[in-house]
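Student: Output the structure for:
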Amino acid sequence: MTSSSASSRKALSKIACNRLQKELTEWQLSPPSGFKHKVTDNLQRWVIEANGAAGTLYANETYQLQVDFPEHYPMEAPQVIFAPPAPLHPHIYSNGHICLDILYDSWSPAMTVSSICISILSMLSSATVKQRPADNDRYVKNCRSGRSPKETRWWFHDDKV
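Tutor: Modelled structure (predicted):
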């Protein structure tokens with residue numbers, strides 16, 4: 001999220017605050033394997049360290065996810081991107097945007113930050129090749145003005161990775 005969109009972001013609703021406090025407490029008691037929440041004083045933006053699973057192309061690699069929560073979370077999906085450098089993956093663009101249906105069309109309020117992390121780790125773990133999406137350069141060029149991945153009309157057609 002760019003600084004201009006960050007400053008115009010609306011404050012979390014009471015429901016969102018309560019839900020995030022609950023999720024954070026549960027995370028601290030039982031974090032998903034391979035992930036670490038980097039503590040900040042901003043409940044609306046979480047920074048999460050992600051470690052590649054053993055036995056995968058991403059073993060021994062560490063990445064950072066940035067999770068920005070909208071005013072009406074969990075009714076609305078958070079924005080989740082990889083902070084630079086994003087992993088080389090057929091569904092992850094070099095600007096950190098992630099093509100994963102649960103972050104957009106298939107979002108459910110029953111999902112949590114933990115379930116998102118597990119889905120992202122599963123996506124990484126199933127990759128058989130480290131490469132960018134075929135349309136990476138065009139997509140990233142179109143996002144230069146700070147466009148959110150939530151503004152993209154994603155086409156979910158590949159469930160192999």
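Student: Now do the residue positioned nearest the centre of the chain against Val129, distance only.
Tutor: Taking CA atoms, centre = their mean as the criterion, Val80 is the residue nearest the geometric centre of the chain, at 2.6 Å. Relative to Val129, Val80 is positioned 23 Å away (criterion: CB to CB, to the nearest Å). Using the backbone N, CA and C atoms, a C-beta is placed for each residue, glycine as well.
Student: ditto for Tyr93
Tutor: From Tyr93 across to Val129, the span is 16 Å (CB to CB).
Student: now do Gly96
Tutor: Where Val129 is concerned, Gly96 sits at a distance of 19 Å (CB to CB).
Student: the more surrounded of these two?
Tutor: The residue with more neighbours, out of Gly96 and Val129, is Gly96; 21 against 9, by other CB atoms under 10 Å.
Student: Could you pick out the longest helix of this structure?
Tutor: What stands out as the longest helix in the chain, according to DSSP state H, is helix 14-29.
Student: Please state the offset of that helix from the chain centre?
Tutor: Relative to the mean C-alpha coordinate of its chain, helix 14-29 is positioned 17 Å out (CA atoms, centre = their mean, to the nearest Å).
Student: Strands along the chain, start to end?
Tutor: All strands of the chain, identified by DSSP state E, fall at 35-38, 45-51, 62-68, 79-82.
Student: any chance of those strands in JSON lines, with distance to Thr112 and mean pLDDT too?
Tutor: Formatted as JSON lines, those follow (distance: least, CB to CB, whole Å; pLDDT from 0 to 100):
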{"stretch": "strand 35-38", "distance to Thr112": "12", "mean pLDDT": "95"}
{"stretch": "strand 45-51", "distance to Thr112": "12", "mean pLDDT": "97"}
{"stretch": "strand 62-68", "distance to Thr112": "11", "mean pLDDT": "97"}
{"stretch": "strand 79-82", "distance to Thr112": "12", "mean pLDDT": "96"}
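Student: So, low pLDDT: which residues of this protein?
Tutor: Segments of the chain classed as low confidence (criterion: pLDDT under 70) are 1-9, 145-147, 149-161.
Student: Return the most buried member of the strands of the chain.
Tutor: Looking across those with neighbours counted as mean count of other CB atoms under 10 Å, the highest average goes to strand 79-82: a mean of 22.
Student: Mind giving me the packing neighbours of the longest helix of the chain?
Tutor: Applying 3 or more CB pairs under 8 Å, 6 or more residues apart in numbering; DSSP states H and E, we find helix 14-29 packed against strand 35-38, helix 113-125.
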